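S.K.: Show me how the following folds:
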Amino acid sequence: MYYVGIDIGGTTVKGMIADEKGNIVCENYVDTVKGGEGLTENVVNLVDILLKQSGFKKADIAGIG
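M.R.: Numbering: from 1, shown residues only. Have a look, this model is predicted:
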């Protein structure tokens with residue numbers, strides 16, 4: 001199983017996928033939307049980018065935090 005970690009910052013939303021031992025498989029980021037509008041969409045888009053980058057499917061992900 002794999003896990004997605006998300007860090008929402010003032011300028012970027014960073015994300016990564018790690019395995020159960022904490023080894024980072026891939027990481028990427030998108031710019032933070034100013035004012036917070038569209039932030040959920042940014043997080044969803046980032047998760048999609050990470051899934052494509054890693055070659056994993058949604059079913060491979062055990063959790064997001």
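S.K.: Strands along this structure, start to end?
M.R.: With DSSP state E, the ranges of strands along the chain come out as 2-8, 12-19, 24-31, 61-64.
S.K.: most packed of these?
M.R.: strand 12-19 (a mean of 18; mean count of other C-beta atoms under 10 Å). No exception for glycine: its C-beta is placed from N, CA and C like everyone else's.
S.K.: I'd like to know which elements it is packed against.
M.R.: Counting contacts by 3 or more C-beta pairs under 8 Å, 6 or more residues apart in numbering; DSSP states H and E, strand 12-19 packs against strand 2-8, strand 24-31, helix 39-54.
S.K.: so which of the ones you listed comes closest to I61?
M.R.: Among these, the nearest to I61 by C-beta to C-beta is strand 2-8 (5.6 Å).
S.K.: what does the average pLDDT come to for that closest one?
M.R.: Averaging pLDDT along strand 2-8 yields 97.
S.K.: ditto for stretch 51-64
M.R.: Here the average pLDDT along stretch 51-64 is 97.
S.K.: Show me which residues of it are buried.
M.R.: For stretch 51-64, the neighbour count (16 or more other C-beta atoms under 10 Å) marks 51, 54, 56, 61 as buried.
S.K.: Taking those residues together, which two end up most distant?
M.R.: It's S54 and I61 that sit farthest apart of those, by C-beta to C-beta, at 9.6 Å.
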